[in-house]
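[1] next one to model:
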Amino acid sequence: MTSPVELFTLPDGRTISYAQYGDHASSRTIFYHHGYPSSHGEALAFHDAALRHGHRIISVDRPGMGSSTYQPQRRLLDWPADLLAIADHLKVDRFAVLGVSGGGPYVLACWHQISRSRCVGAGIMGGLFPTDLGLSGMLVGSRMLFWAARWSPRLAGKILDFGLGSTTRSTENLETLEKTLGETVKSRPKPDVEAWESSSSNFRQALTSGLKGAFQNGPEGSGWEARLYGSDWGFKLEELAIEPGKMVIWHGDEDVNVPVAMAEKAAKLLRNAELRISNGHAHMSIFVSKADEAIEALGQMIDTA
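    Model (predicted):
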């Protein structure tokens with residue numbers, strides 16, 4: 001199952017691409033923030049859950065990914081204005097935001113910048129938090145990438161392109177790319193391997209499609225995004241005002257992409273955010289096991305706003 005890509009031109013002339021999943025007619029809207037490196041197609045993993053609960057998911061490609069125009073020198077805090085422009089274009093008054101993995105920082109940026117009359121709830125799954133909270137337990141390759149990107153986003157982009165980008169562009173058939181991605185998953189924690197092998201085809205297609213879209217126009221967007229992750233975000237976690245029941249963080253205790261210790265430290269700074277740790281789950285398996293729970297929780301935030 002694929003969803004058609006839609007394009008929107010921002011006031012400054014840049015193009016933003018997005019796709020819709022779940023119940024397109026629903027007024028309960030969740031803006032989905034994809035992982036890293038990825039793109040809008042990743043939201044397919046939540047399509048069935050959104051249909052079951054009667055929600056619409058709008059998954060937006062960040063600058064340089066999918067068909068969204070690359071934006072030189074962008075900041076993390078530039079993103080919320082782009083999201084609001086799309087929300088206005090689609091006449092979405094109130095919405096919740098959901099971010100997985102590298103989409104987590106963008107959820108927090110939206111919470112920082114957008115009024116509670118518009119952005120009424122937030123969810124983060126396996127989300128990345130400021131790197132100064134510590135990277136112990138994180139995959140060595142990710143730590144090296146963040147370090148390199150702080151000094152040279154171009155170099156980070158080339159590293160990603162050598163390992164992933166060139167493969168995604170040279171593999172036109174998604175089924176072939178899925179098999180290639182499946183081989184890399186075998187080196188991950190057991191819960192992730194089991195999630196990949198036993199989950200629905202939608203989940204595997206979502207990750208494969210998302211990865212392919214991340215590099216379709218080159219590695220510049222992903223390279224710059226790595227720099228954003230490892231740099232000052234422009235705000236502190238403790239600055240965010242969060243009402244009880246309005247932000248939930250889901251995390252697996254066996255996650256090696258984003259160690260659970262990072263999520264625990266972040267939750268202490270994000271006062272009133274609820275941290276739900278799942279024992280026996282890792283980075284990918286948390287998305288599979290908690291998709292319904294996340295969609296339902298965000299819907300309740302929308303309904304009670």
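[2] pull the contacting residues for V92.
    T29, I58 (CB atoms under 8 Å, 6 or more residues apart in numbering). (C-beta placed from N, C-alpha, C; glycine too.)
[3] part of a strand, is it?
    No - assigned with DSSP: H, G, I helix; E, B strand; the rest coil, V92 falls outside any strand and is coil.
[4] wait, is A19 part of a strand?
    Yes - under three-state DSSP, A19 sits within a strand.
[5] grab the nearest non-local neighbour of it.
    S3 (4.2 Å; CB to CB, 6 or more residues apart in numbering).
[6] what helix or strand does Q205 sit in?
    Under the criterion of DSSP states H and E, Q205 resides in helix 201-214.
[7] got the CA positions of that helix in PDB?
    C-alpha atoms of helix 201-214 as PDB (Å, rounded to 0.1, in the frame of the first residue of the first chain):
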ATOM      1  CA  SER A 201       4.600  -6.300   5.200                       C
ATOM      2  CA  ASN A 202       3.500  -2.700   5.800                       C
ATOM      3  CA  PHE A 203       6.100  -2.300   8.500                       C
ATOM      4  CA  ARG A 204       9.000  -3.600   6.300                       C
ATOM      5  CA  GLN A 205       7.700  -1.500   3.300                       C
ATOM      6  CA  ALA A 206       7.500   1.500   5.500                       C
ATOM      7  CA  LEU A 207      11.100   1.400   6.600                       C
ATOM      8  CA  THR A 208      12.300   0.500   3.100                       C
ATOM      9  CA  SER A 209      10.300   3.300   1.400                       C
ATOM     10  CA  GLY A 210      11.300   5.800   4.100                       C
ATOM     11  CA  LEU A 211      15.000   5.000   3.600                       C
ATOM     12  CA  LYS A 212      14.800   5.200  -0.100                       C
ATOM     13  CA  GLY A 213      13.100   8.600   0.000                       C
ATOM     14  CA  ALA A 214      15.700  10.000   2.300                       C
END
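[8] please name every helix or strand in contact with that helix.
    helix 166-170, helix 174-185, helix 190-198 (3 or more CB pairs under 8 Å, 6 or more residues apart in numbering; DSSP states H and E).
[9] in the chain, which helix has the most residues?
    helix 285-303 (DSSP state H).
[10] avg pLDDT for it?
    Averaged over helix 285-303, pLDDT sits at 97.
[11] which residues touch it?
    Contacts of helix 285-303 (CB under 8 Å, 6+ apart): 28-30, 45-46, 48-50, 52-55, 94-96, 98, 100, 120-123, 125-126, 191-192, 194-195, 199, 203, 245-246, 248, 250-252, 255, 276, 278, 281.
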